[in-house]
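K.L.:
I'd like to go over a predicted model; first the sequence, then the structure.
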Amino acid sequence: MSPAAAPRLRAAVLGRPVAHSLSPVLHRAACAVLGLDVDYTREDLGEDEVAGFLAHRLGAPGCAAAPAALGDGEDWLGCSVTMPLKAAVVAAADERTARVRALGVANTLVRDHPDHPGRILAHNTDVDGIVRALADGGLDASARGGTVGVLGNGGTASAAVAAAHALGADAVRFGVREPGRAADVVRLARGLGMEAVACGQEELVAGAGRLRAVVATLPPRAADPLAEAVADAALPPLLDAAYDPWPSALARAWSAAGGTVVSGVAMLLHQGVEQVRLFTERPRRERGVAEPDWAAVTRAAAQALGPAALPGGVTRRGARGGA
C-alpha cells in the first residue's frame, strides 16, 4: 500500500474587498524561492464570517484537536489579514505577540509555528512594513525625535503609531475627519510615551513640512480630496498605504511638490516577507532547509510585485504617472 499523500500546504489573505490584493503574487514568488509549494489564495470574508472560516482551517482557540481542514488534506500554515478584519481576528488566536496586545489589531495568524506548537499565534507585521518602506523612501531610521503624521485612525493607523515609536519619534499627529474618533490611537501613542494630537486631515497635509514623515492609512481614493491641500514646500517622505489605484491623487500632488512618495506596495512587500518567514518556519524545519537568504527572497517578491515595490520605485518631483 502506498503511503498517504502529504497534506497540501495552504495559506490565504482574508478581507473585504480583497480581489485587488497583491498578497498572492508576493507569497507565491517568495515561496518559489524557498522551494515550497504553498497554495495561497484570496478569501473574501466579512467580520461575521471570519471566525467560522478560521476555526475550520486553523482550529478553534483553546482546542487541542486538529483543525477539520487537515481531514480534507489541507495543512494551513496561516492567514494574512486585511481590512476590515484586523481587530476581529485577534480573538481567533491562542497567543498574541506583545505588539498585538498593545495595538489590538493583527494582520497575521500563524498555525502551529515550531516555537508555538499546537497554537494559533496573532502577530502584526504591518509595523515592519511601514518602517522598512519609509527607509526605502530615504527616511533615516536611525535618527531620533520628530513628529510622524498619520492620516486615519483605523487598524493600519495603529500600526503606524507603533512604527513611529520604533523610529524614535517624540510625537504623532493624526489627521482625521472627526478628532473625537482618534481617541484610541491618541491613547495608544501616549501609552508608548509619545505626545499625540488630532487635527483635521487638510490641516495635517498643509503643515506636513514640519513633520518627519507622513503615513496615509485611508482607504483607496479617500485621500484624493487632500491633494489640493499639499503645500509647495519641503516635504517629508509620504507612505500611501492604499496602492490601488496607483499613483493616488495625493501621491501625484506630493511628488509634484517635490516630496518623495512610497507606494503601499513597498509596505506590502516588507510586511509580507515577514509573514512568509513566519508561515514557512515549520515546513522549512521539517525539511531541514537551511536559513534562507531573505534578501534574495525579498528581491524576488519585489520583482513579482512590480516597480512600485522596488527601492527605486518611489515617486519624486518630475515623475510621470508614479511607480
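P.N.:
Okay, I see it.
K.L.:
Please count neighbours and contacts with C-alpha atoms only from this point.
P.N.:
Will do.
K.L.:
Show me the strands in the stretch 1-150 of the chain, by range?
P.N.:
Secondary structure of the stretch 1-150 of the chain by DSSP state E, counting those that start in this stretch: the strands cover 8-15, 38-44, 74-81, 95-96, 108-111, 120-123, 147-151.
K.L.:
same thing with the stretch 201-323 of the chain?
P.N.:
213-216, 238-240, 261-263.
K.L.:
Tabulate those strands in a markdown table, adding columns for mean neighbour count, mean pLDDT and distance to residue 142.
P.N.:
Formatted as a markdown table, the strands of the stretch 201-323 of the chain follow (neighbours: other CA atoms under 10 Å; pLDDT from 0 to 100; distance: least, CA to CA, whole Å):
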| stretch | mean neighbour count | mean pLDDT | distance to residue 142 |
| --- | --- | --- | --- |
| strand 213-216 | 26 | 98 | 14 |
| strand 238-240 | 28 | 96 | 18 |
| strand 261-263 | 32 | 93 | 19 |
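K.L.:
Using CSV, lay out those strands together with distance to residue 24.
P.N.:
Listed next are the strands of the stretch 201-323 of the chain as CSV, based on distance: least, CA to CA, whole Å:
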stretch, distance to residue 24
strand 213-216, 23
strand 238-240, 20
strand 261-263, 18
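K.L.:
Please tabulate the strands of the stretch 1-150 of the chain in CSV, including the columns mean neighbour count, mean pLDDT and distance to residue 293.
P.N.:
Converted to CSV, the strands of the stretch 1-150 of the chain look like this (neighbours: other CA under 10 Å; pLDDT from 0 to 100; distance: least, CA to CA, whole Å):
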stretch, mean neighbour count, mean pLDDT, distance to residue 293
strand 8-15, 22, 98, 22
strand 38-44, 19, 98, 19
strand 74-81, 25, 98, 21
strand 95-96, 20, 97, 27
strand 108-111, 27, 98, 21
strand 120-123, 26, 98, 22
strand 147-151, 27, 98, 32
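K.L.:
for residue 239, what are its contacts?
P.N.:
Contact analysis of residue 239 by CA atoms under 8 Å, 6 or more residues apart in numbering lists 130, 133, 134, 214, 215, 216, 261, 262, 263, 264.
K.L.:
In this structure the fifth one contacts residue 147, no?
P.N.:
In this case it means residue 215. No - the criterion here is CA atoms under 8 Å, and residue 215 misses it with residue 147 at 11.5 Å.
K.L.:
Now do the contacts for residue 165.
P.N.:
Contacts for residue 165 (CA under 8 Å, 6+ apart) come out as 192, 194.
K.L.:
scratch that, residue 28 is what I was asking about
P.N.:
Taking CA under 8 Å, 6+ apart, one finds 38, 39, 40 in contact with residue 28.
K.L.:
Can you tell me how far residue 195 is from residue 22?
P.N.:
35 Å (CA to CA, to the nearest Å).
K.L.:
With neighbour numbers in mind, choose between the two.
P.N.:
Just comparing residue 195 and residue 22: by other CA atoms under 10 Å the higher neighbour count belongs to residue 22, 19 against 16.
K.L.:
The more buried one and residue 305 touch, don't they?
P.N.:
Yes - contact criterion CA under 8 Å: residue 22 and residue 305 qualify, at 7.2 Å.
K.L.:
re earlier: could the strands of the stretch 1-150 of the chain go into CSV alongside distance to residue 50?
P.N.:
CSV is the format used below for the strands of the stretch 1-150 of the chain (distance: least, CA to CA, whole Å):
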stretch, distance to residue 50
strand 8-15, 8
strand 38-44, 9
strand 74-81, 10
strand 95-96, 18
strand 108-111, 12
strand 120-123, 14
strand 147-151, 27
